[in-house]
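Visitor: build me a structure from this.
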Amino acid sequence: MTPDEVRALFTGQDGSYRFARWGRPIAPVVFGVTDETLATLKGACEAVVALAGHRMAETDPELGANLMVFFFRDWSELPLVPNLDRLVPDLGPLVERLAAAGATQYRLFRFDASGAIRAAFVFQRMDAGLAELPAEAVALNQMVQVILLWSETGFAGQSPLARLPDGTLVLRPEIAGVIRAGYDPAMPLAADDPAHALRLAARLECGR
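Guide: Below is the predicted model:
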């Protein structure tokens, strides 16, 4: 990928650059799925975390679970989740906006004092189209998009996944490379200077 292509992955609609990675082990919890699908989701999380060279944990000492993933059929179900309004500010108005926009997914991040990701909430509405996809593909897509703070338009033109000739959906190699580069120990936990993208791109060229 060129530096401009890498920069676009972390540049928002307002033109600002913002990168962040997890600064603590990821302790996930998933709601709204069967035990079989739960195993698939946790497997996808483990695979992406291993790709990044990061760590997982059973619990977060401060939050218990710091990655909460919700699967549901309709946005109106979210306000019914006990105590979710305490974790997600303005949950009611947010749900109304997402429902009106016909959104199928939404991610909310929280950050620590260094700017690193400390918690994330993933909301996935399973419409008819998504319900037809393999659980592995849905799980991998969400885990990839929560391992870094990508911009809201980063994957607007192209999914982070690619389809093999046999129909299997896999992570695009260039996106895998960006994830690995972003978690390089020499790279910062967070950055708002577009020059950061040059450092990411240089690591891609070196195959690091």
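
Visitor: so what's residue 190 up against?
Guide: 18-21, 111, 114-116, 149 (Cβ atoms under 8 Å, 6 or more residues apart in numbering). C-betas here are computed from N, CA, C, even on glycine.

Visitor: for residue 126, same thing?
Guide: Neighbours of residue 126 in contact, by Cβ under 8 Å, 6+ apart: 71-73, 104, 138.

Visitor: how about a cut-off of 6 Å?
Guide: Contacts for residue 126 (Cβ atoms under 6 Å, 6 or more residues apart in numbering) come out as 71, 73.

Visitor: same check, this time on residue 111
Guide: residue 118.

Visitor: would you check how far apart it and residue 54 are?
Guide: According to Cβ to Cβ, to the nearest Å, residue 111 stands 16 Å off from residue 54.

Visitor: ok, now residue 41?
Guide: Distance from residue 41 to residue 54, by Cβ to Cβ: 17 Å.

Visitor: what about these two, which has more around it?
Guide: Taking other Cβ atoms under 10 Å, residue 41 and residue 54 do not tie; residue 41 has more neighbours (22 against 18).

Visitor: report pLDDT for that one.
Guide: Predicted confidence (pLDDT) at residue 41: the value is 88.

Visitor: what sits against it?
Guide: Contacts of residue 41 by Cβ under 6 Å, 6+ apart are 30, 139.

Visitor: whichever strand or helix holds it: which residues count as buried?
Guide: Taking DSSP states H and E as the criterion, residue 41 maps to helix 35-52. Residues 37-38, 40-42, 44-45, 47-49, 51-52 are the ones in helix 35-52 that count as buried (16 or more other Cβ atoms under 10 Å).

Visitor: residue 91: which of these is nearest?
Guide: Of all the buried residues of helix 35-52, residue 91 sits closest to residue 41, with 22.5 Å by Cβ to Cβ.

Visitor: lowest-confidence helix or strand of the chain?
Guide: Ranked by mean pLDDT, DSSP states H and E, the weakest helix or strand in the chain is helix 128-131, scoring a mean of 73.

Visitor: what packs against that one?
Guide: Packed against helix 128-131, as judged by 3 or more Cβ pairs under 6 Å, 6 or more residues apart in numbering; DSSP states H and E, are no other helices or strands.

Visitor: tell me the helix or strand right after it.
Guide: helix 135-147.

Visitor: show residues contacting that following helix.
Guide: Here helix 135-147 makes contact (Cβ under 6 Å, 6+ apart) with 37, 40-41, 44-45, 48, 52, 120, 122, 160-161, 169, 179.
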